[in-house]
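[1] Need a 3D model of the sequence below.
(one chain, ligands or ions: 1)
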Amino acid sequence: LKYDNLEDFVDMVEDNINKALNYTISKDNSDILNLSSSTAKDFGTFDFIIIGGGAAGAILANRLTEISEWKILLLEAGGLPNDFTKILGLSPYNYFSTRSWGYNSTSQKHACLAMKEEKCSLPQGRVIGGGTTINAGVYARGHPEDFDRWSNVYGNPGWSYEEVLPYFKKSENAVFEPRDSDYHGEGGYYTVDINAVKLFKPLFNEKGIDFIDDYNGKYQNGIAQVQMSLKGNERVSTYSAFLENFTSRSNLNISLHSFVTKIAINNATKTAYGAYFVKDGVNYFAKAKKEVIVSAGGINSPQLLMLSGIGRKKHLKELNIPLVKYLPVGKYLQDHILFLGLIVRTNRIFYNQTMAEMLKLYEENQRPLMTGFQVELVSFTNFGRNQSIRPDIEYIISTPPPSSSQFEIFFGIKDSYMDPFNINTSSDILIYTCLMHPKSRGSVTLKSNSPLDKPLINPNYLAEDEDIETLYRGVELILSMNNSQILKNYEAYIVDVEYPNCVSYKKSSKEWWFCAIRQFTSPIYHPVSTNRMGPDPKTSVVNAHLQVHGMKKLRVVDSSVMPELNSGHTTAPVLMLAEKASNIIKKQHNRY
Ligand SMILES: Cc1cc2nc3c(=O)[nH]c(=O)nc-3n(C[C@H](O)[C@H](O)[C@H](O)COP(=O)(O)OP(=O)(O)OC[C@H]3O[C@@H](n4cnc5c(N)ncnc54)[C@H](O)[C@@H]3O)c2cc1C
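    Now for the predicted structure:
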């Protein structure tokens with residue numbers, strides 16, 4: 001990304017930032033959905049209809065249109081990205097734009113207590129490329145044990161690490177060095193690169209955490225430079241990688257601004273045969289001869305299934321939605337959550353440039369705008385220091401956002417909480433402590449039977465005691481670094497934050513830290529498992545081929561089918577599962 005004239009570049013960026021800072025998130029979907037009662041116009045007949053052009057949907061659209069006789073319709077509620085979305089370092093501003101669904105959780109009892117109305121902000125991509133067009137770009141697949149569990153614990157043949165590794169590699173074009181080449185793809189559509197500094201690496205070494213070159217390689221546990229979905233200085237999204245250069249395929253039909261309101265299902269035969277959607281205020285119906293594939297993401301896929309009559313009997317009855325199939329849709333929601341409150345104050349100025357200066361550096365592929373949330377390093381850690389066991393905690397080590405007030409906006413922090421949490425935006429380092437395997441599970445339910453209403457999202461963060469115990473152990477480890485040599489070298493220390501609501505606890509006691517963690521938590525926007533994969537329709541929604549139990553010609557392919565969270569971030573596994581699903585679909589239709 002390089003403009004002929006730096007001033008134009010700065011203007012474009014400042015314009016987008018100002019729009020974000022003045023953006024009002026709509027309470028419902030009426031900002032993009034204009035429902036009318038007119039009869040649906042015929043949009044045509046296709047072999048496959050894919051609902052949602054996000055991380056998974058864009059890949060499916062690419063891979064299925066490799067079969068030239070198959071006609072594919074990709075329906076996406078959002079529009080196209082713009083130049084601003086290409087700058088990973090400014091990604092959080094996208095949460096405040098039409099490119100996000102603008103979700104919040106319901107008020108939480110055990111987490112996000114410092115956030116407005118105790119609701120955690122939960123942006124989700126509403127744009128082609130979905131989450132990959134607005135997210136922070138971290139590329140972290142997880143630990144082999146994660147996928148072995150999908151197979152062994154959750155009963156899904158074909159999904160063990162050994163079996164899914166080829167699909168991680170298939171999409172990938174790894175360009176960074178050094179890397180474990182056995183574990184990476186080269187020449188795939190999706191470029192992964194590193195543009196970070198080895199800041200504070202010795203801090204972790206002092207605690208017996210090794211530096212590793214490649215956490216997506218043989219070993220995951222350790223501290224490493226962050227791998228990013230990045231090509232040159234531009235974000236890589238599934239739109240840029242899998243669709244933008246393929247629009248000339250005559251069998252690929254992409255319909256943007258097309259909000260799917262219902263899956264057409266023959267109730268007698270339990271067969272999906274099309275989709276109803278609204279585009280520019282007009283109702284349409286498109287027919288699918290072979291399959292309808294739902295790829296609307298961890299929140300919207302369960303929403304759409306429920307609106308179409310697939311879900312829990314009692315819940316649908318309460319909302320007067322005729323039941324088509326009784327399945328635990330929306331149940332088992334799981335999400336990664338982190339503690340925001342560990343700030344290392346240093347004597348060094350990391351970044352204090354103006355926006356124009358930062359953009360000039362950016363044009364030369366230089367930091368700080370090259371990585372989402374200014375992340376430099378990640379450390380995956382299990383307390384036993386055992387490589388064969390998956391990590392309990394991920395530390396995300398980052399230079400801070402451009403100003404404290406923007407930090408407040410991104411996370412939705414209550415005004416009264418910002419004073420004690422004052423960040424020095426040129427010299428502080430933030431160490432976000434993220435719980436990899438929460439025991440707490442929640443749900444996605446419908447507010448009403450109308451697609452105009454946003455769904456109710458209750459992740460139940462930190463409801464299980466074990467979750468806060470594990471996060472606390474993660475915090476303790478960082479606190480134990482306070483007297484380390486490397487911090488002394490920087491004259492650095494961990495900032496002693498006062499939490500207004502925790503004054504009744506003895507300062508720095510375990511109970512005080514529990515209180516602090518419950519206040520200053522944020523999800524990292526990885527909702528999964530709401531249509532989880534498994535063999536039993538009582539406890540899962542899709543089978544190991546991602547077909548909806550008891551239904552015909554209906555599949556779900558996206559993050560909602562993940563049986564549980566991976567020890568990493570969710571883009572990479574979704575890329576993998578969309579690649580694998582494409583092959584499954586081709587095989588089942590005898591085209592492989
Ligand atoms: C702010 C943010 C930061 C993140 N940071 C990272 C990160 O750094 N690293 C990482 O690995 N992961 C990250 N993630 C997670 C990652 O982006 C998601 O896990 C991934 O995008 C999920 O893919 P998906 O295909 O399941 O859904 P999505 O990518 O969300 O795609 C769903 C698509 O369906 C469309 N859609 C939904 N409903 C309808 C409907 N009714 N009709 C038509 N279209 C519809 C949506 O508009 C969207 O385009 C982040 C996510 C967010 C939101």
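[2] residues touching Asn365, list them.
    195, 232-233 (Cβ atoms under 8 Å, 6 or more residues apart in numbering). For the C-beta atoms, the positions are set from N, CA and C on the backbone; glycine is no exception.
[3] ugh, typo on my part, it should be Ser448
    Contacts for Ser448 (Cβ under 8 Å, 6+ apart) come out as Leu319.
[4] can we see that at 10 Å?
    Taking Cβ atoms under 10 Å, 6 or more residues apart in numbering as the definition of contact, the neighbours of Ser448 are 28, 307, 318-321, 455-456.
[5] Which of the three states applies to it?
    Following DSSP: H, G, I helix; E, B strand; the rest coil, we place Ser448 in the coil state.
[6] Same question for Arg149.
    helix.
[7] and the spatially closest residue to it that is not a sequence neighbour, how many neighbours does it have?
    Counting by Cβ to Cβ, 6 or more residues apart in numbering, Arg149 lies nearest to Glu564, which is 6.9 Å off, once chain neighbours are set aside. Here the number of neighbours of Glu564 (other Cβ atoms under 10 Å) works out to 17.
[8] quick revisit: any idea which of the contacts of Asn365 is the one closest to the ligand?
    Within these, the smallest distance to the ligand is 14.1 Å, found for Asn195 (Cβ to the nearest ligand atom).
[9] tell me the phi and psi of that closest one?
    Here the main-chain torsion angles of Asn195 (degrees, to the nearest 10) amount to phi -140, psi 70.
[10] can you check Met306 too?
    According to degrees, to the nearest 10, the main-chain angles of Met306 amount to phi -70, psi -40.
[11] From Val294, how far off is it?
    11 Å (Cβ to Cβ, to the nearest Å).
[12] now do Ile128
    With distances taken as Cβ to Cβ, Ile128 is found 16 Å from Val294.
[13] is it true that Asn347 touches Ile429?
    No: Asn347 sits out of contact with Ile429 when judged by Cβ atoms under 10 Å, with a separation of 11.8 Å.
[14] out of those two, which sits in the busier spot?
    Set side by side, Asn347 and Ile429 show more neighbours around Ile429, with 25 against 9, by other Cβ under 10 Å.
[15] did I read that right, that one in a strand?
    Yes: with three-state DSSP as the criterion, Ile429 is part of a strand.
[16] That one contacts Ala492, doesn't it?
    Yes: here Ile429 lies in contact with Ala492, judged by Cβ under 10 Å, at a distance of 7.8 Å.
[17] Looking only at neighbour counts, state which of Met306 and Val294 leads.
    Each of Met306 and Val294 had its neighbours counted (other Cβ under 10 Å), and the higher figure belongs to Val294 (33 against 23).
[18] Bridge partners for that one, pull those for me.
    Each beta-bridge partner of Val294 is listed here, defined by DSSP bridges: Ile51, Val556.
[19] now it: how far from the ligand?
    Using Cβ to the nearest ligand atom, to the nearest Å, we find Val294 at a distance of 9 Å from the ligand.
[20] Just to check, that residue is in contact with Ile49?
    Yes: using Cβ under 10 Å, Val294 and Ile49 qualify as a contacting pair, with a distance of 9.4 Å.
[21] what's the nearest residue to Gly274 if we skip its chain neighbours?
    Using Cβ to Cβ, 6+ apart and skipping residues adjacent in sequence, the residue nearest Gly274 is Ala264, 3.9 Å away.
[22] How much space separates the one you found from Asp180?
    46 Å.
[23] before we move on, what about Asp465?
    Note on Asp465: its distance to Asp180, by Cβ to Cβ, is 37 Å.
[24] Of those two, which one has the most company?
    Under the neighbour definition other Cβ under 10 Å, Asp465 and Asp180 were set side by side, and Asp180 has more, 15 against 12.
[25] The residue nearest to that one when sequence neighbours are not counted: neighbouring residues, count only.
    In space, not counting the residues next to it along the chain, Asp180 is nearest to Gly217; the distance is 2.8 Å by Cβ to Cβ, 6+ apart. In terms of burial, Gly217 registers 18 neighbours under the definition other Cβ under 10 Å.
[26] how much space between Gly217 and the ligand?
    The spacing between Gly217 and the ligand, counted by Cβ to the nearest ligand atom, is 17 Å.
[27] Excluding covalently adjacent residues, which one is nearest to Ser38?
    The spatially closest residue to Ser38, leaving aside those adjacent along the chain, is Asn283, at 5.8 Å (Cβ to Cβ, 6+ apart).
[28] for Asn205, same thing?
    Setting aside the residues directly before and after it, Asn205 is nearest to Phe211 in space (Cβ to Cβ, 6+ apart), at 6.3 Å.
[29] for the ligand, what are the nearby residues on the stretch 451-592 of the chain?
    For the stretch 451-592 of the chain, the contact set with the ligand under Cβ under 6 Å from any ligand atom comprises 525-526, 558-559, 569-572, 574.
[30] Please identify which of those residues is nearest to Phe259.
    Proximity of those to Phe259, judged by Cβ to Cβ, is greatest for Asp558, which lies at 16.7 Å.
[31] need the contact list for the closest one.
    When contacts are counted by Cβ under 10 Å, 6+ apart, Asp558 touches 51-52, 54-57, 60, 130-131, 293-298, 300-301, 528, 530-531, 546, 570, 574, 577-578, 581.
[32] what does His315 give?
    Taking Cβ under 10 Å, 6+ apart as the criterion, His315 is in contact with 306, 321, 323, 329-331, 443, 445-446.
[33] go on, Lys2?
    With Cβ under 10 Å, 6+ apart as the criterion, the residues that contact Lys2 are 9, 232-234, 362-365.
[34] Check the secondary structure at it for me.
    Classification of Lys2 using three-state DSSP returns coil.
[35] The one 5 residues further on now?
    In terms of secondary structure, Glu7 is helix; the call rests on three-state DSSP.
[36] Repeat that for the one 4 residues further on.
    With three-state DSSP as the basis, Asp11 sits in helix.
[37] Just the helices from the stretch 301-450 of the chain, written as ranges.
    313-318, 355-363, 404-411, 415-418 (DSSP state H, counting those that start in this stretch).
[38] related to what we said a few turns ago, would you agree the residue nearest to Asp180 is in contact with Ala224?
    Yes: with contact defined as Cβ under 10 Å, Gly217 reaches Ala224; the gap is 9.4 Å.
[39] what sits in contact with each of the two?
    With Cβ under 10 Å, 6+ apart as the test, Gly217 and Ala224 reach no residue in common.
[40] low-confidence ranges in the stretch 201-350 of the chain?
    Scanning the stretch 201-350 of the chain with the threshold set as pLDDT under 70 gives no residue ranges.
[41] near the ligand, which residues of it?
    Taking Cβ under 6 Å from any ligand atom as the criterion, the contact residues of the stretch 201-350 of the chain with the ligand come out as 259-260, 295-298, 300, 304.
[42] Neighbour-wise, give me the winner out of those.
    Among these, the one with the most neighbours (other Cβ under 10 Å) is Ser295, at 32 neighbours.
[43] how about that residue, what does it touch?
    50-61, 74-76, 130, 301, 555-561, 574, 578, 581.
[44] what's the answer for Ile299, then?
    Under the criterion of Cβ under 10 Å, 6+ apart, the contact list for Ile299 reads 101, 103, 122, 124, 330, 333, 444, 454-455, 457, 525, 527, 530, 559-560.
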